[in-house]
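*Asks:* sequence and predicted model, in that order:
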Amino acid sequence: MSLSEKLILISCREKSGATSSNRFDYQKDWTIGKLIELHTTQSDYLIICDYHEDVVILDSEDNPTSGTFVQVKTDKTGTWTSTRLVKREKGKDGKTLNSILGKLTSTAKQFSDYNPDMAVVSNNRFNFNLSNGKKSLALDLVKLSELDGEELTKIDSAIKAECGINNYHLEYECCFQVSDLSLQDHSSHTKGKIIKFLEDIGHDKSTNATALYRVLFDSVKNKTNIEANIENYQELLAKKGIGKSYFDKMIQTIASSKDVNEMWTILHGALTNENVPPIKLIKIKQEWEQFDIDRLNPLNEVIQELRKQVRNAVDSIIAGNEDIAITAMAAEVVNKIDSKFLKQFSNNYILVVAFRELYENRPV
């Protein structure tokens, strides 16, 4: 059986307890950072959001053969110790809950045929005694195999009682990683990573970075929040996955776009000359910023269809009258496209799309 088949066959563990909004947002921002890291360093990958574990990282979109199961834990109380990681709390119903490491191991155990990796990621540091006689507090990454004998005995004993695994540390490897995201300012830090990434690939416009962060955050949020029965691997990809092909399409959209600030300056000047009132200009700018986000999502089929119909309408209008004003052109576009779009998008939004299709598909 392939790993992709087994991901569907095995039921996900039920979630327990409420999680704070900031913890959820931290997890999303960490996922975005990991996505950028993988896109920079790996030829293929897939991230699955909140399915089996907080994050599952696979080595391929189409034919995964290995994976890493990740729990992302935010913490304000202090450092992580082996005692904390294997401690089992009582639930509201009085039942004993799984420990942090026990949860992760119980998932990995089900996929043991594929030699899965495990990781606990946190904003706080890990305080272990290491086999070299040192402490782990100064390290950003610690492996289970690096802990000293007393620590390993404690963990082995706890996991045997919880998961029924003998000699746990000899059978499994787990990494304990300190995230570089701060707990209070993780969104700004993640935006900085996006800016750096775009600079590295030659698309270092701040407007692109802002739009890319918004669409990535919303994508991770939507895929994290989906609660549905997954019937097959393709459905898992569509509902819970973000892979290389998805990110590639966003980058291609950015690469093919002309300078956003330059385009807005031209549109603003044209609309001012056409005596568009200042209040309406503000509303058009808001729709301009929204379209910058919408256009980056390759899975937004409604926007792709709208753009196609608007592009065809603009071509038809310009072929008959190259001197037409922007507002008049937009009004004609509204009359030419499917009326279903008029229920979803304002005339100002359609004006923005019409201008962008005009400007980006022909010299101005």
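*Replies:* Sure, I can see it.
*Asks:* report the secondary structure state of Val276.
*Replies:* Under DSSP: H, G, I helix; E, B strand; the rest coil, Val276 falls in the coil class.
*Asks:* how about Ala119?
*Replies:* Strictly by three-state DSSP, Ala119 counts as strand.
*Asks:* isn't it up against Phe176?
*Replies:* Yes: judged on CB atoms under 8 Å, Ala119 makes contact with Phe176 at a distance of 7.5 Å. Where C-beta positions appear, they are placed from N, C-alpha and C, glycine not excepted.
*Asks:* tell me which of these two has more neighbours.
*Replies:* Legend: neighbour count by other CB atoms under 10 Å for Ala119 and Phe176, higher for Phe176 (25 against 20).
*Asks:* and the next element down the chain from the helix or strand hosting the more buried one?
*Replies:* Taking DSSP states H and E as the criterion, Phe176 maps to strand 174-178. The helix or strand immediately downstream of strand 174-178 is helix 186-200, counting by DSSP H and E.
*Asks:* contacts for the helix or strand following that following helix, please.
*Replies:* Sequence order places helix 206-225 as the next helix or strand after helix 186-200, per DSSP H and E. With CB atoms under 8 Å, 6 or more residues apart in numbering as the test, helix 206-225 has contacts from 24, 27-29, 31-32, 35, 49-50, 187, 190-191, 194-195, 198, 239-242, 246, 250, 254, 257, 260-261, 289, 292-294, 296-297, 299.
*Asks:* of the residues you listed, just the buried ones, PyMOL syntax please.
*Replies:* Buried residues among the contacts of helix 206-225 (16 or more other CB atoms under 10 Å), as a PyMOL selection:
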select buried, resi 24+27+28+29+31+32+35+49+50+187+190+191+194+195+198+239+240+241+242+246+250+254+257+260+289+292+293+294+296+297
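*Asks:* among the contacts of helix 206-225, which ones are in strands?
*Replies:* Among the contacts of helix 206-225, the members falling in strands (DSSP state E) are 49-50, 241-242.
*Asks:* can you pull out the low-pLDDT segments for this structure?
*Replies:* Within the chain, the stretches with pLDDT under 70 are 13-22, 204-207, 256-257, 361-364.
*Asks:* mind doing that once more with 50?
*Replies:* Across the chain, the ranges flagged by pLDDT under 50 are 16-19, 363-364.
*Asks:* which one is the spatially most central residue of it nearest to, not counting chain neighbours?
*Replies:* Geometric centre of the chain, nearest residue: Val220, 3.7 Å, by CA atoms, centre = their mean. Leaving aside its sequence neighbours, Val220 sits nearest to Lys28 (CB to CB, 6 or more residues apart in numbering; 4.5 Å).
*Asks:* could you dump the ones in strands among the contacts of helix 206-225 to CSV with distance to Arg84?
*Replies:* Formatted as CSV, these follow (distance: CB to CB, whole Å):
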residue, distance to Arg84
Cys49, 26
Asp50, 23
Gly241, 32
Ile242, 31
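*Asks:* measure Leu281 to Val314 for me?
*Replies:* According to CB to CB, to the nearest Å, Leu281 and Val314 sit 21 Å apart.
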